[in-house]
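S.K.: next one to model:
(2 chains)
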Protein chains: 2
Amino acid sequence: MALISGDANNKLSLDSIRDSLIRQEDTIIFNLIERIKYPINSTLYKEPSSSSSWNISGSLFHYLFQETEALQSKVGRYLSPEENPFFPDNLPASIIPPSKCTPVLHPAAESVNVNEKILDVYIKQLLPLFCITDQADEGNFATIASCDIQLLQALSRRIHYGKFVAEIKFRDCTDQYKPLILAKDRDALMKLLTFEAVEEMVKKRVAKKALTFGQQVTLNIDDSSKEVKCKVDPSLVSRLYDEWIMPLTKLVEVEYLLRRLD
Amino acid sequence: MALISGDANNKLSLDSIRDSLIRQEDTIIFNLIERIKYPINSTLYKEPSSSSSWNISGSLFHYLFQETEALQSKVGRYLSPEENPFFPDNLPASIIPPSKCTPVLHPAAESVNVNEKILDVYIKQLLPLFCITDQADEGNFATIASCDIQLLQALSRRIHYGKFVAEIKFRDCTDQYKPLILAKDRDALMKLLTFEAVEEMVKKRVAKKALTFGQQVTLNIDDSSKEVKCKVDPSLVSRLYDEWIMPLTKLVEVEYLLRRLD
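M.R.: So this is what the prediction gives:
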């Protein structure tokens, strides 16, 4: 799992990107299973009331996530073209020097960041869809926020891999992409980037992964005879890819391509 | 996954603890699989040389882990009897008020903490056993350290659950435990706490889980016909439980019991 970097000729390997995207599905599903063992915990995401004794601005989650990013920024997380911060303003500088790899993306890649959308969808749509509603006893803020952050960073990495995918497609078919980019034709670019058969395959594969990784493994020999209880609904994981991950990835691809000739 | 707390009569449920321990196996294996997709990355754990430009004391990993714990402490992580810090000195106070649950553990529980041993074993023995050796291109410090921290916290939670297990065993068989505690007879306590048949079952179950969660899931129909490539060696996961997790849990149980009558 090395950072993506060009080889001596600055050549991107489509195979290594495809392998990484498939492996990232496992990461997303593991992190999803870990997060949804807890209820939503709405207190974590709520703005504090003026009477609150917490001396922070914004929600507890916002505070924890922003501080975590600041810490990770210091050790160079956002020097990597694979990582995009959720709170890019005022991030501290890295104490680690940047890698000497030849950059493979166009410099405009840095300005493509859909994390605000990812965070909004995550809190407003995904958590209510996947998690049970709150019980009387909330708490576990740090533990739950850690799961959220791991999962959000995995989703963000997956979605922003669209930049690498778009770069390869652009290099392979520059003649096809160039006129559409010059015409700023988003719809035509989106159409050119969409492969329905591939998307169907991804949806099927992630459902199968959810079923596999979400199963209750016991030592009973006749596991197969009883109904499988799954920790995450496979059809919801398919939907997660269908309605959010794949469309947001394509949005990243289009945004990147629109800046590719700058 | 609510915090462990007594019911109205301060009664611990053995079933809920057993369920939690079994569920924690999944968490440990997921986190292990995520960590070992990266090489060891020895730079992360190395003390900086005096010529280093990093203006921190201790290794990068030490710095990141300690700062993460400080942040999590502020939102109440270590108010929970299930959580034990790796760097307990000078942790900032929580801005969240403590829960009003009746404590189920003896107050001496707080002084039982084997995290120093866990961290030592993790860096010196587990990482070299599970991870591939470093390649030329290191990096990804923040990402790898996050995986380490998630895994170490999962291991620590599992191992320190020994306190709850010991409390239940003490309550159920006080007459058996009391004389051994008064005599400070560690060996006899350890013997009383050891159930080899149960340990064998745990070792088998975690190996089966590693095989299940570590498999490469594809849409090929004849998955069964080809050799299963596993992301983590199931026999190593068994060994992890046999040589480290279960012995350290029993160490926690003995240490807790020795303080149980204080």
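
S.K.: who's in contact with the residue nearest the centre of chain A?
M.R.: By C-alpha atoms, centre = their mean, chain A has its centre lying nearest to A:Leu155, at 1.4 Å. Applying C-beta atoms under 8 Å, 6 or more residues apart in numbering or on different chains, we find A:Leu155 in contact with A:28, A:118, A:122, A:245. For every residue, glycine as well, the C-beta is placed using N, CA and C.

S.K.: of those, which belong to strands?
M.R.: Assignment to strands by DSSP state E places none of those there.

S.K.: any chance of the residues you listed in CSV with pLDDT as columns?
M.R.: Converted to CSV, those look like this (pLDDT from 0 to 100):
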residue, pLDDT
A:Ile28, 98
A:Ile118, 98
A:Tyr122, 98
A:Ile245, 98
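
S.K.: remind me which residues of chain A are low pLDDT?
M.R.: Scanning chain A with the threshold set as pLDDT under 70 gives A:1-11, A:50-54, A:136-137, A:222-228.

S.K.: kindly supply the ChimeraX command isolating those of the contacts of A:Leu155 that are buried.
M.R.: Listed next is the ChimeraX selection for buried residues among these, using 16 or more other C-beta atoms under 10 Å in any protein chain shown:
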select /A:28,118,122,245
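
S.K.: now tabulate the contacts of A:Leu155 in TSV and tack on distance to chain B.
M.R.: Conversion of the contacts of A:Leu155 to TSV gives the following (distance: C-beta to the nearest C-beta, whole Å):
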residue	distance to chain B
A:Ile28	11
A:Ile118	17
A:Tyr122	18
A:Ile245	17
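
S.K.: contact partners for A:Ile96?
M.R.: A:Ile96 makes contact with A:75-76, A:79, B:54, B:60, B:141 under the criterion C-beta under 8 Å, 6+ apart.

S.K.: let me know the closest of these to B:Lys169.
M.R.: Taking C-beta to C-beta as the measure, B:Lys169 lies nearest B:Leu60 of the contacts of A:Ile96, at 40.8 Å.

S.K.: just give me the neighbour total for the closest one.
M.R.: 26 (other C-beta atoms under 10 Å in any protein chain shown).

S.K.: so A:Ile56, which state does it fall into?
M.R.: Here A:Ile56 is recorded as coil under DSSP: H, G, I helix; E, B strand; the rest coil.

S.K.: which residue, other than its chain neighbours, is closest to it?
M.R.: A:Tyr63 (4.6 Å; C-beta to C-beta, 6 or more residues apart in numbering or on different chains).

S.K.: point out the other helices and strands that the helix or strand hosting the one you found packs with.
M.R.: According to DSSP states H and E, A:Tyr63 maps onto helix A:60-74. Packing partners of helix A:60-74 (3 or more C-beta pairs under 8 Å, 6 or more residues apart in numbering or on different chains; DSSP states H and E): helix A:141-160, helix B:60-74, helix B:141-160.

S.K.: quick one: these as CSV, columns for distance to B:Leu21 too.
M.R.: Converted to CSV, those look like this (distance: least, C-beta to C-beta, whole Å):
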stretch, distance to B:Leu21
helix A:141-160, 17
helix B:60-74, 23
helix B:141-160, 7
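
S.K.: what's the closest of the ones you listed to B:Ala210?
M.R.: helix B:141-160 (14.0 Å).

S.K.: how close does the closest residue to A:Gly162 other than its chain neighbours get to B:Ala145?
M.R.: Distances taken as C-beta to C-beta, 6+ apart put A:Val252 closest to A:Gly162, at 3.3 Å, once the chain neighbours are dropped. Separation of A:Val252 from B:Ala145 (C-beta to C-beta, to the nearest Å): 26 Å.

S.K.: and A:Lys229, by the same measure?
M.R.: 34 Å.

S.K.: looking at those two, which is more packed in?
M.R.: B:Ala145 (25 against 8).

S.K.: drop anything exposed from the contacts of A:Ile96.
M.R.: A:75-76, A:79, B:60, B:141.

S.K.: report the two of the residues you listed separated the most.
M.R.: A:Leu79 and B:Leu60 (14.0 Å).

S.K.: hang on, the earlier thing: which of the contacts of A:Leu155 fall in helices?
M.R.: A:28, A:118 (DSSP state H).

S.K.: circling back: quick one: which of the contacts of A:Ile96 is nearest A:Ser13?
M.R.: Once C-beta to C-beta is applied, the member of those that ends up nearest A:Ser13 is A:Leu79, at 21.3 Å.

S.K.: how near is the closest one to chain B?
M.R.: Remark: distance between A:Leu79 and chain B (C-beta to the nearest C-beta, to the nearest Å) = 8 Å.

S.K.: OK, contacts around that residue?
M.R.: A:94, A:96, A:98-99.

S.K.: now a PyMOL select for only the buried ones of the residues you listed.
M.R.: Selecting only the buried entries of those in PyMOL, with 16+ other C-beta under 10 Å as the criterion:
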select buried, chain A and resi 94+96+99
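
S.K.: you'd agree A:Met246 is up against A:Glu199?
M.R.: Yes. Judged on C-beta atoms under 8 Å, A:Met246 makes contact with A:Glu199 at a distance of 5.7 Å.

S.K.: with neighbour numbers in mind, choose between the two.
M.R.: More neighbours surround A:Met246 than the other of A:Met246 and A:Glu199, with 19 against 15 (other C-beta under 10 Å).

S.K.: without its sequence neighbours, what residue ends up closest to A:Phe164?
M.R.: A:Ile17 (5.3 Å).

S.K.: run a quick neighbour tally on the residue in the stretch 101-250 of chain A that chain B sits nearest to.
M.R.: The stretch 101-250 of chain A approaches chain B most closely through A:Ala142 (3.7 Å), counting by C-beta to the nearest C-beta. For A:Ala142, the neighbour count with other C-beta under 10 Å is 26.
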